[in-house]
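Enquirer: Pasting the sequence and the predicted model now:
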Amino acid sequence: MSYVKKGILVATKHQKEQVIGPIFKKYLGCETFVTEFDTDKLGTFTGEVPRLKDAMSTCRDKAVIAAQLTGHPYALASEGSFGPHPIMPFLPYAQEWMVFVDLESDITIFEEIKTSETNYQTKWIDVDSDINDFLNQVKFPSHGLCLQTSCLKTVIAKGIQSHQQLQEALKNGFELDARLLLSTDMRAMMNPSRMNVIEKLSEQLVLRIKSLCPQCQSPGFGRAGVAGHLACQQCHMPSEFPALEVWACVQCDYQENRPRKDGKVNIDPQYCQFCNP
């Protein structure tokens, strides 16, 4: 099965097609297009519409609903999740999912990126707060901001991209509440850092689409999990680090174990729970 030169619907209202389209054109000759589907109905970063499912499920729902509404069989979508790094909480952390669905053949192909390449931050402020360091850290004004009240998290402004807009939003906000939440606007068209990650993920996804199962030749053959445990090079005890990648087909039951991409065959004793508890 080939998707070369097929038309693919991109389920977005935040201009993600600007970076996704060229990647799919380059590798598959595909033309991408958007439709009037409001993806915010499945959840917003600022919470006016809660996301009822996890990010991966929401991502697939976006693509499937958009495809069903238009009657187009091929669609893709992305979804991001942001917060503190799981190991180093002082660092911001992003997870981005992208999915391609083929409703004709009942094929779903996922890819994911986990990265600290994000400007995600929030800051509680009052009328006397100094926000200059925060603005520099989040790359304002090239990256947009959001402002909300503290009590109900009512949105005062989104897409703040100038100091004048920010001052007007702060003035309006402090008329409503003594404490406000200032945060990065994580919508793709307001966040070049996130758009860069989406571009990288687009290439990752399209290369997976081109990867065919050795057994049934379905597209989407790729990493589906991990197996085994790397041993410590000193004490040879098993660690928490996986030894192999498990590659699997999205259609049949074929799978195979492959070496780690980083080539590691053991771990340094400093990471061993026995040598360095």
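Expert: Looks like it came in fine.
Enquirer: Need the residues that contact stretch 252-266.
Expert: Identification of contacts with stretch 252-266 by CB atoms under 8 Å, 6 or more residues apart in numbering yields 213-216, 218, 224, 227-228, 230-233, 241-249. Glycine gets a C-beta too; all of them are placed from N, C-alpha and C.
Enquirer: Ends of that stretch, what's the gap?
Expert: The first residue of stretch 252-266 is 32 Å away from its last residue (CA to CA, to the nearest Å).
Enquirer: ok so, going back, for PyMOL, write a command that selects the buried ones of the contacts of stretch 252-266.
Expert: Of the contacts of stretch 252-266, the buried ones go into a single PyMOL selection, burial set by 16 or more other CB atoms under 10 Å:
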select buried, resi 213+218+230+231+232+241+243+244+245+247+248+249
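Enquirer: name the element the spatially closest residue to Ser218 that is not a sequence neighbour belongs to?
Expert: Leaving aside its chain neighbours, Ser218 sits nearest to Gln251 (3.9 Å; criterion: CB to CB, 6 or more residues apart in numbering). Using DSSP states H and E, Gln251 sits in no helix or strand.
Enquirer: ok, Gln251 - contacts?
Expert: Going by CB under 8 Å, 6+ apart, the list of residues near Gln251 reads 105, 107, 213, 216, 218, 220.
Enquirer: can you check Glu48 too?
Expert: Shown in contact with Glu48 (CB under 8 Å, 6+ apart): Val155.
Enquirer: how far away is it from Pro92?
Expert: According to CB to CB, to the nearest Å, Glu48 and Pro92 sit 22 Å apart.
Enquirer: what residues does stretch 238-247 touch?
Expert: 221-232, 255-261, 264-265, 267, 271-273.
Enquirer: Buried among the residues you listed? Make that a PyMOL selection.
Expert: Those of those that count as buried under 16+ other CB under 10 Å are selected in PyMOL with:
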select buried, resi 221+222+230+231+232+267+272
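Enquirer: which residues in the protein form strands?
Expert: With strands called from DSSP state E, the chain shows them at 7-10, 31-33, 74-84, 92-102, 107-115, 122-125, 145-149, 155-160, 180-184, 222-227, 231-232, 244-248, 255-259, 266-267.
Enquirer: Now mean pLDDT and distance to Leu52 too, for the ones you listed, in a markdown table please.
Expert: Formatted as a markdown table, the strands of the chain follow (pLDDT from 0 to 100; distance: least, CB to CB, whole Å):
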| stretch | mean pLDDT | distance to Leu52 |
| --- | --- | --- |
| strand 7-10 | 97 | 23 |
| strand 31-33 | 96 | 27 |
| strand 74-84 | 96 | 13 |
| strand 92-102 | 96 | 16 |
| strand 107-115 | 96 | 19 |
| strand 122-125 | 97 | 22 |
| strand 145-149 | 97 | 20 |
| strand 155-160 | 97 | 19 |
| strand 180-184 | 97 | 21 |
| strand 222-227 | 95 | 26 |
| strand 231-232 | 96 | 42 |
| strand 244-248 | 97 | 28 |
| strand 255-259 | 95 | 32 |
| strand 266-267 | 94 | 39 |
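Enquirer: Go through these and name the closest to Phe174.
Expert: Evaluated over those, closeness to Phe174 peaks at strand 180-184, with 6.9 Å, by CB to CB.
Enquirer: quick one: the closest one to chain centroid distance?
Expert: In terms of CA atoms, centre = their mean, to the nearest Å, the gap separating the centre of strand 180-184 from the centre of its chain is 21 Å.
Enquirer: same question, stretch 186-198
Expert: Distance, centroid of stretch 186-198 to centroid of chain: 10 Å (CA atoms, centre = their mean).
Enquirer: and if you look at stretch 240-259?
Expert: 22 Å.
Enquirer: Check stretch 144-159 too.
Expert: Distance, stretch centre to chain centre, for stretch 144-159: 22 Å (CA atoms, centre = their mean).
Enquirer: Report the buried residues of that stretch.
Expert: 144-150, 156-158.
Enquirer: And stretch 64-77, by the same measure?
Expert: Within stretch 64-77, the residues that count as buried by 16+ other CB under 10 Å are 64-67, 72-77.
Enquirer: for the chain, longest helix please?
Expert: helix 192-210 (DSSP state H).
Enquirer: does the closest residue to Gln204 other than its chain neighbours have beta-bridge partners, and which?
Expert: Spatial nearest neighbour of Gln204, excluding adjacent residues (CB to CB, 6+ apart): Glu111 at 4.7 Å. Under DSSP bridges, the beta-bridge partners of Glu111 are Met98.
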